[in-house]
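Peer 1: Pasting a predicted model and its sequence here:
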Amino acid sequence: MNGLLLSFVKFAVLATLGECVGLRIAEGVWNKKGFGILPRALVWGVLGMGIAIAMSIFSNGVPAFLASLGMEGATTAMAGALSWEKVFVALCISVAMNTIFAPVFMTLHKVTDMHIAATGGTLRGFFTTPLRMGDTLASLNWHRQWSFVFKRTIPLFWYPAHTITFLLPSDLRVLFAALLGVVLGVLLAIGNKKK
């Protein structure tokens, strides 16, 4: 199966499951009117393909960049056994990807969530109602997006989590990233419930 198609399936199933588990923890139900399991799965599938592409670009580009700075072993470290050099390169890949790609990704994901909610959680509504990007971005809670999503989850969760991701063999990275989405969904639901 094509790698991008497989990424679509992994994220569509696992990340959507994570959102359903989060809903179950927060509200005691697996699904509810307007939640939009099918549109969420579709969005997660497409986002999963984007994540797979980003992982490929950053896992190849960052070691090459480090080599250009004088760390000649950066590329070979990623192919070798676990070492401090490999951990350092994996951390650099994670920091680069989550600093450059993640804010745009997370904002796009929030926009699609808002569109799903605004269209009643149906596939028909999702596709037949135009996405008014400017209006949606203007109504986004940028204070929460910055203070919690960008400032806390990226450095405290995604930097270390994706460091582990990039230490794994390349064929397991996308699956592990999809599983991390489930874990984060559960943690956020628990955190929201405690509030």
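Peer 2: Now that the structure is in, tell me what you want to look at.

Peer 1: nearest spatial neighbour of Ile154, skipping sequence neighbours?
Peer 2: Asn98 (5.2 Å; CB to CB, 6 or more residues apart in numbering). Where you see a C-beta, it was placed from the backbone N, CA and C, and this is true even at glycine.

Peer 1: Go ahead and confirm that neighbour touches His162.
Peer 2: Yes - between Asn98 and His162 there is a contact at 6.1 Å, judged by CB atoms under 8 Å.

Peer 1: Return the helix or strand in this protein with minimum mean pLDDT.
Peer 2: Using mean pLDDT, DSSP states H and E, helix 170-194 stands out as the lowest-scoring helix or strand of the chain, at a mean of 80.

Peer 1: which residues touch it?
Peer 2: Outside helix 170-194, the residues within contact range by CB atoms under 8 Å, 6 or more residues apart in numbering are 3, 6-7, 10-11, 13-15, 17-19, 21-26, 44, 48, 51-52, 55, 59, 153, 157, 161-162, 164-166, 168.

Peer 1: For the residue with the largest distance to the centre of the chain, which three-state class applies?
Peer 2: Farthest-out residue of the chain from its mean C-alpha position, per CA atoms, centre = their mean: Gly70, at 31.0 Å. Here Gly70 is coil, with the state taken from DSSP: H, G, I helix; E, B strand; the rest coil.

Peer 1: And the helices in this structure, which stretches?
Peer 2: With DSSP state H as the criterion, the chain has helices at 3-27, 37-68, 74-79, 84-100, 102-118, 123-128, 133-139, 142-144, 159-167, 170-194.
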